[in-house]
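Peer 1: got a sequence here, can you model it:
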Amino acid sequence: MNMHKKKPICRYIASENKKEAGIRLRRIEGQIRGLQEMLNDDRNCRDVLNQIVSVEKALEGVKKVILRNFVEQCASKRIKAKGTKEDYDEIMEVIFKYS
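Peer 2: Predicted coordinates for the structure are as follows:
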């Protein structure tokens with residue numbers, strides 16, 4: 001068993017992406033609180049489900065911001081630096097898994 005963790009090709013989220021993701025996450029926090037209130041207020045299932053779908057779409061938006069950051073900040077730098085096959089495999093794995 002290999003005790004060494006593979007070093008990630010990226011650890012950096014650009015400040016503008018971090019800011020955008022933070023704004024989106026704070027909005028999602030409000031949506032989640034709204035969901036809790038809906039449950040406490042015995043709102044109908046359809047309204048609750050609709051709010052859940054809204055939260056899921058909002059999380060997709062955050063994921064897109066972070067994935068875009070990965071491509072712009074991480075993958076592109078590794079490609080320009082003529083990364084290894086393992087680097088390219090990791091890039092493709094991230095893109096396939098999260099897109």
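
Peer 1: what helices or strands is the worst-scoring helix or strand of the chain on mean pLDDT leaning on?
Peer 2: Every helix and strand of the chain was ranked by mean pLDDT, DSSP states H and E. The lowest is helix 76-80, at a mean of 85. On a contact count with 3 or more C-beta pairs under 8 Å, 6 or more residues apart in numbering; DSSP states H and E, helix 76-80 meets helix 85-98. Glycine gets a C-beta too; all of them are placed from N, C-alpha and C.

Peer 1: looking at the helix it packs on now, give me its mean pLDDT.
Peer 2: Helix 85-98 shows a mean pLDDT of 90 in the predicted model.

Peer 1: please identify the buried residues of it?
Peer 2: 87, 90-91, 94 (16 or more other C-beta atoms under 10 Å).

Peer 1: same list, those residues, but as TSV with distance to G22 please.
Peer 2: Formatted as TSV, the buried residues of helix 85-98 follow (distance: C-beta to C-beta, whole Å):
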residue	distance to G22
D87	29
E90	26
I91	25
V94	21
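
Peer 1: nearest to I23 among these?
Peer 2: V94 (23.4 Å; C-beta to C-beta).

Peer 1: the nearest residue to the closest one once chain neighbours are set aside: neighbouring residues, count only.
Peer 2: Once flanking residues are discounted, V94 sits nearest to F70: 5.9 Å by C-beta to C-beta, 6 or more residues apart in numbering. Counted with other C-beta atoms under 10 Å, the neighbours of F70 add up to 20.

Peer 1: how much space between F70 and I79?
Peer 2: Separation of F70 from I79 (C-beta to C-beta, to the nearest Å): 12 Å.

Peer 1: and I32, by the same measure?
Peer 2: 37 Å.

Peer 1: and if you look at R26?
Peer 2: Using C-beta to C-beta, we find R26 at a distance of 33 Å from I79.
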